[in-house]
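Undergrad: just to be clear, the model below is a prediction. Sequence and coordinates:
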Amino acid sequence: MEYNIAITAQADRQVKDTKNVPFGKQPTEHMFIAEYKDGKWQDSRIVPFHDLTLSPFALCLHYGQTVFEGMKAFLTDDKRINIFRPEKHYERFTKSLQRMCMPEVPKGLFMEALHQLVQLDASWIPNDEHGSLYLRPFMIASEARMGVKVSDEYLFMIVCSPAYQYYAQPLKVKVEDTYVRAAEGGTGSTKCGGNYGAAFYPSKLAKDAGYDQVIWTDSKNHEYIEESGTMNLMFFIDNTLLTPPLSTSILDGVTRDSLLTLAKEQGINVDVRLIRHEEIREALEAGKRVEAFGAGTAAVIAPIETIAMGGKHYNCYVGEDATMYQLQKALYDIRKGTAPDKHNWNYII
Ligand code: COI
């Protein structure tokens, strides 16, 4: 099916140097927007980036029907435009929308909108190792109605922002044993705005205590490790890449999935299972070399240098020869088109 996306183009970009702009501050010139009304998506258009007009009664402002995705576009070494795994992101977006009772976006519309928008704003894709154009598809409930109900109207939008390294330094984290990010059966596996809002307060307490992030643990006993900050969490111990299995409280990270696939291909043992934080502590206390890192689209790999648990601080391995960097490089090479894309992860425009 062909999607008719009207394009109103803006004059050339004014901002040249984006490298020192913090993540998510600098929009590109254009955005995509489509409106859901009377049971169908309509009025799909790419327009100059602009502020929205919403009724203060708009349902997204009150009851949390907001869902988003985060993906990236790169320039390959031979200067082709590459969106990384948009179909996997689309699948996750659809699952999040279902969980939040929001209408699905047809795959053709999603892909066409991304394609047209990234093509139009391609001059914003940074051309260096850690640079990318971060793409943020999202949907909000726009019906002006203050009663508690599922909205009948929505806006689906895509905005873009140049992105570089998300964390400048290896992280210092603490195992969270009071608050939870998500409970079994809740919305932890969806990318809905509320998950992030609910994480702010415990994250702020951790920051006030000198940590960059928390390691989230299960909601029943704070015994099992779930995620770290806004990322999936992985360990490399005893020559094995370890990560918790997906569940209703863990996000199905695209970077997580890519790294697990690449690790298996490289002959690394991969063990996806429940991980007690005690087990990590025991390994560290036994003097084992432990690598710990967050994995996510924005951060890619975020090495963890220090973990606080049980009132003690433990150092993890962040040396240059760490396996996490080897995996990160394998991912970069595919995205840059310098290694074969065996799984068709690259969507070349
Ligand atoms: C991402 O890694 O894309 C995220 O969604 C994390 C954060 C920027 C919200």
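TA: Yep, it's here.

Undergrad: could you pull out the strands in the stretch 151-300 of the chain for me?
TA: With DSSP state E, counting those that start in this stretch as the criterion, the stretch 151-300 of the chain has strands at 154-163, 171-175, 213-217, 225-228, 231-237, 240-243, 269-272, 291-296, 300-309.

Undergrad: any chance of those in JSON lines, with mean pLDDT and distance to residue 258 too?
TA: For glycine as for every other residue, the C-beta is placed from the backbone atoms N, C-alpha and C. Formatted as JSON lines, the strands of the stretch 151-300 of the chain follow (pLDDT from 0 to 100; distance: least, C-beta to C-beta, whole Å):
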{"stretch": "strand 154-163", "mean pLDDT": "97", "distance to residue 258": "17"}
{"stretch": "strand 171-175", "mean pLDDT": "97", "distance to residue 258": "20"}
{"stretch": "strand 213-217", "mean pLDDT": "97", "distance to residue 258": "21"}
{"stretch": "strand 225-228", "mean pLDDT": "96", "distance to residue 258": "16"}
{"stretch": "strand 231-237", "mean pLDDT": "97", "distance to residue 258": "11"}
{"stretch": "strand 240-243", "mean pLDDT": "98", "distance to residue 258": "12"}
{"stretch": "strand 269-272", "mean pLDDT": "98", "distance to residue 258": "13"}
{"stretch": "strand 291-296", "mean pLDDT": "97", "distance to residue 258": "9"}
{"stretch": "strand 300-309", "mean pLDDT": "96", "distance to residue 258": "10"}
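
Undergrad: minimum distance to residue 278: which of those strands has it?
TA: For residue 278, the closest of the strands of the stretch 151-300 of the chain is strand 300-309, at 8.3 Å, according to C-beta to C-beta.

Undergrad: right, and the helix or strand after that closest one?
TA: strand 312-315 (DSSP states H and E).

Undergrad: can you give me how far the helix or strand following that next one is from the chain middle?
TA: Toward the C-terminal end, the helix or strand that comes next after strand 312-315 (DSSP H and E) is helix 323-335. Distance of helix 323-335 from its chain centroid, counting by C-alpha atoms, centre = their mean, to the nearest Å, is 17 Å.
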